[in-house]
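J.: My questions are about this predicted structure, shown below with the sequence.
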Amino acid sequence: MAIPHIFVHGIRRYSHHAPQDPHFRLKVVGMTGYLAGAFALPFVPPLLETRRSRRDGTDITRPPPNFIPCPKY
């Protein structure tokens, strides 16, 4: 009596729950890597340039940027 009950319960549970995609974790890891790269990589070249200029000492000799709130034409 217990074996048919377990078998029927397994079939019932399988029919109620949709099977999960076998590549679900791979897709999640790929999307996480893509989003991390999309938001982090644009900041890498300015960071490297800042470090390089501080090491060279050229950031001290560089003229300060002039802030003009309304450009005059």
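T.: Everything's here; your move.

J.: Every contact and neighbour count from this point should use C-alpha atoms.
T.: Will do.

J.: Can you list the residue ranges for helices in this structure?
T.: Applying DSSP state H to the chain gives helices spanning 2-16, 24-40, 44-56, 58-61.

J.: helices or strands up against the shortest one?
T.: With contacts taken as 3 or more CA pairs under 8 Å, 6 or more residues apart in numbering; DSSP states H and E, helix 58-61 sits against helix 44-56.

J.: what comes into contact with the helix it packs on?
T.: Residues from elsewhere that reach helix 44-56 (CA atoms under 8 Å, 6 or more residues apart in numbering): 59-60.

J.: So for it, mean pLDDT?
T.: Average pLDDT, helix 44-56: 88.

J.: rank the helices of the chain by pLDDT, which is bottom?
T.: Note on the helices of the chain: helix 2-16 shows the lowest mean pLDDT, a mean of 62.

J.: Compute the number of surrounding residues for Glu51.
T.: In this structure residue 51 is Arg, not Glu. Residues lying near Arg51 (other CA atoms under 10 Å) number 13.

J.: My error: substitute Glu49 in the last question.
T.: 11.

J.: Kindly report the same for Ser53.
T.: By the measure other CA under 10 Å, the count of residues near Ser53 is 14.

J.: Could you check how many residues crowd around Thr61?
T.: Neighbourhood size, Thr61 [other CA under 10 Å]: 7.

J.: Now do the contacts for it.
T.: Contacts of Thr61 (CA under 8 Å, 6+ apart): none.

J.: what's the span of stretch 51-65, first residue to last?
T.: Taking CA to CA, to the nearest Å, stretch 51-65 runs 19 Å from one end to the other.

J.: from here on, count from 7
T.: Understood, numbering begins at 7; the last thing we discussed is stretch 57-71.

J.: For it, buried residues please.
T.: Judged by neighbour count (16 or more other CA atoms under 10 Å), stretch 57-71 contains no buried residues.

J.: Tell me how far Phe45 lies from Thr38.
T.: 11 Å.

J.: okay, those two: which has more neighbours?
T.: Remark: of Phe45 and Thr38, Thr38 carries more neighbours, 12 against 9, as counted by other CA under 10 Å.
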